[in-house]
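Undergrad: take a look and give me a structure for this.
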Amino acid sequence: MMIDRLRYKVYLSLLTSLAIVVHTMESSFPTPFPWLRFGLSNIITLAVIVLFGLKAGMTVTLLKITIGTLLMGTFLTPSFFLAFSGGIASTLVLALAHSIFSPWLSVVGISILGAYTHTLVQVLVAYFILIKHFQVFLLLPFFLTFSLITGFISGLGANYLVKYLREVPNIKTLSELK
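TA: Residues are numbered from 1 along each chain as shown. From the prediction side, this is the model:
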C-alpha cells in the first residue's frame, strides 16, 4: 500500500510537471488574439480527473496555473486571476460531469463542457473585475465557438492519453487511491 501511494504521487508529479511545461510553452504560440489560448494543458488535467479524480485534477490545475504564471511573470496579474478562476470552475465541472455523465458522455463531450465553463467564468470575471462593460458579452459567441473547437481537440487528446496511461502497469490500481 505504501508503494502504491508513492507510485501515485510520482505519476501525479510527472503529469503535473508535464501540464506546467505545456501550459508555459503554449503562451509562446502565436494566436489570432492575445487572450485566446488553445488550453492544451487541459488534456492532462482531464486525463488526471478520469484516472485519479477531482482532488488530483484540482492539484494539477492549481499548480500548473500558479507555477506557470510564476515562470511567465504574470503571477497575480489580471491574466492570472482569469486563468485561476476559469481553471478552478472548469476543473470542478470536468470532475462533476465525469462522475455523473461518463456512461453517456464521452471524454470529448466532457472536455467541451469544461471549455465552455472556462470561457464563461473568464468572461464573467473580466466583466465584474476588469472591464465592467456589457459589450464584453457580445464576444461570447466568438469565444464559445473557439471553446467548442479547443474543447473538442483537448478531449481527443485526453481520450488518447487516458487510453495510453491505462496500459501503464499499476495505473488501474492507483485510480483506486483517489
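Undergrad: run through who's touching the helix or strand that contains R5.
TA: Using DSSP states H and E, R5 maps to helix 2-26. For helix 2-26, contacts defined as Cβ atoms under 8 Å, 6 or more residues apart in numbering pick out 37-41, 43-45, 47-48, 52, 56, 59-60, 63-65, 67-68, 71-72, 170-171, 173-174, 177. For the C-beta atoms, the positions are set from N, CA and C on the backbone; glycine is no exception.
Undergrad: let's see the ChimeraX selection covering just the buried ones among those.
TA: The ChimeraX command for the buried members of these (criterion: 16 or more other Cβ atoms under 10 Å) is given here:
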select :37,38,39,40,41,43,44,45,47,48,52,56,59,60,63,64,65,67,68,171,174
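Undergrad: ok, back up a step: just the buried residues of the helix holding R5, please?
TA: 7-8, 11-12, 15-16, 18-24.
Undergrad: ok, of these, which one's closest to S85?
TA: H23 (15.6 Å; Cβ to Cβ).
Undergrad: tell me how far that closest one lies from G109.
TA: Using Cβ to Cβ, to the nearest Å, we find H23 at a distance of 23 Å from G109.
Undergrad: and V22, by the same measure?
TA: V22 is 22 Å from G109, by Cβ to Cβ.
Undergrad: what distance separates stretch 70-77 from the centre of its chain?
TA: 18 Å (Cα atoms, centre = their mean, to the nearest Å).
Undergrad: end to end, how far does that stretch reach?
TA: 10 Å (Cα to Cα, to the nearest Å).
Undergrad: what average pLDDT does it get?
TA: Averaged across stretch 70-77, the pLDDT comes to 88.
Undergrad: buried stuff in it?
TA: Residues of stretch 70-77 classed as buried by neighbour count (16+ other Cβ under 10 Å): T74.
Undergrad: could you do stretch 105-117 as well?
TA: 107-117.
Undergrad: again with stretch 157-167
TA: Neighbour-count burial for stretch 157-167 [16+ other Cβ under 10 Å]: 157-159, 161-162, 165.
Undergrad: from these, pick the one nearest F29.
TA: Nearest to F29 out of those is G157 (Cβ to Cβ; 15.1 Å).
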